[in-house]
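A.B. asks: here is a sequence with its predicted model. Questions after.
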Amino acid sequence: MLGGVDHRLQVLGAAGRRRALPPARQGHLVDLASNDYLGLSRHPALANAAREALDRGVPAGAGASRLIPGAHAEHILLEQEAARFFGAEKALYFGSGYAAGLALAATLPDRKDAIVYDALAHACTRDGIRLSAARAYKARHNDARDVEDAVKRARAAGARDVWVFVESVYSMDGDAAPLADLVDIAARHGAWLVVDEAHATGVLGPGGRGLAPAAEGVVALHTCGKALGVAGALVTGPAAVVDLLVSAARPFVYATAPPPLQAAVTRRALALVDEEPWRRARVAEAVRALGAASHIVPVILGSEARALAASASLEAQGFAAPAIRPPTVPPGTARLRLSLHAGLSDGDIPRLAAAIARL
């Protein structure tokens, strides 16, 4: 009965790609894997916000979709505050960044439209594209000229609207998209630009607002489970786009709403980004000290076996840095993906630099 399942597991194991859930985080290791860039997940203010919300009767669970009895005032308050925070016309709260990314790509472009996406777009975007009826064009990574050529081809093929999907900072390489060029291309060709800000929100841009400009024709995805330290995701942009998602995005319409308690805590997290700018500054200091391009530092080792061995080596030296293997990254580019964050001490960076040099 499980023959095919067992065979697939054996194939994954032979390729060095079988995963297992790790044990609970080891407190004696310096964390280089988490996306908790600002260290907010354990912030006392968020714990207090949760207690205060419970005390005033905010429920732990929504119980249903937002479109039936799952709606709560905390969802609305968060969306209003997020729209102001990010300078957008409107915001919509999803249960996860994956669900939001899937919804954007699967819902916004229809069969008369076209999608242009970066070659290293996140899995949620790629899965949403598979669900979309729109024709898709893949552009070379961070190549604005290739994006423009794809937009032109889509227009020549009769596309009504063209939707360009990119990330502001790419999760596995840490490099930034040429957003200024992409905004210009979208404006000149009347295209939409959808920017996944997952790894920039809270860390980069003016006041930690991310790198995507709050401009006409720009839609942004801000995950709340990384630098904000909570969970869920916020889509911000024109009111018409948000209204379409409310009506037609299956990951929103058919999902139980995020916990109202979580929404209340996320509101507090947004406020902390403004109240404690030193956290962003601390991340920037770590990036400069290591000579990195961003707070995501890839150490590309090639094979799965080398990446696993390197991870074990760093663990022996006191660092937690799991190996990242295909299909998360392209074949032949297995790596360690190091996250620099506000919790690193002054002594951690030189120790880390020496450990990387030894790899």
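C.D. replies: Perfect, I can see it now.
A.B. asks: grab the nearest non-local neighbour of Ala214.
C.D. replies: Gly87 (3.7 Å; Cβ to Cβ, 6 or more residues apart in numbering). For every residue, glycine as well, the C-beta is placed using N, CA and C.
A.B. asks: quick one, phi/psi of the one you found?
C.D. replies: Dihedral pair for Gly87: phi 70, psi 30, per degrees, to the nearest 10.
A.B. asks: hang on, it packs against Arg209?
C.D. replies: Yes - counting by Cβ atoms under 8 Å, Gly87 does reach Arg209; the two are 7.0 Å apart.
A.B. asks: which of these two has more neighbours?
C.D. replies: Taking neighbours as other Cβ atoms under 10 Å, Gly87 and Arg209 compare with Arg209 leading, 23 against 14.
A.B. asks: contact partners for the more buried one?
C.D. replies: Phe85, Phe86, Gly87, Thr201 (Cβ atoms under 8 Å, 6 or more residues apart in numbering).
A.B. asks: repeat that for Phe165.
C.D. replies: Leu104, Ala105, Ile115, Val116, Tyr117, Asp118, Ala121, Thr125, Ile129, Val194, Asp196.
A.B. asks: for this protein, what spans make up the helices?
C.D. replies: Applying DSSP state H to the chain gives helices spanning 3-14, 44-55, 73-86, 97-107, 123-131, 144-156, 179-189, 239-248, 250-253, 260-275, 278-290, 304-316, 348-358.
A.B. asks: out of the ones you listed, which is the most enclosed?
C.D. replies: Comparing these by mean neighbour count (mean count of other Cβ atoms under 10 Å), helix 97-107 comes out on top with a mean of 25.
A.B. asks: so what touches that one?
C.D. replies: Taking Cβ under 8 Å, 6+ apart as the rule, helix 97-107 contacts 94, 115, 117, 122-129, 131-132, 163, 165, 194, 196, 198, 219, 221, 223-226, 232-235, 244-245, 248-252, 255.
A.B. asks: can you give the distance of that helix from its chain's centre?
C.D. replies: Relative to its chain's centre, helix 97-107 lies at 11 Å (Cα atoms, centre = their mean, to the nearest Å).
A.B. asks: tell me the angle that helix makes with helix 123-131.
C.D. replies: Counting by axes from the mean of the first three to the mean of the last three Cα atoms, to 10 degrees, helix 97-107 lies at 30 degrees to helix 123-131.
A.B. asks: report the inter-axis angle for helix 97-107 versus helix 239-248.
C.D. replies: 100 degrees.
A.B. asks: pretty sure Asp187 contacts Gly217?
C.D. replies: In this structure residue 187 is Ala, not Asp. Yes - counting by Cβ under 8 Å, Ala187 does reach Gly217; the two are 6.8 Å apart.
A.B. asks: pull up the gap between Arg19 and Ala263, please.
C.D. replies: 31 Å (Cβ to Cβ, to the nearest Å).
A.B. asks: and for His122?
C.D. replies: 24 Å.
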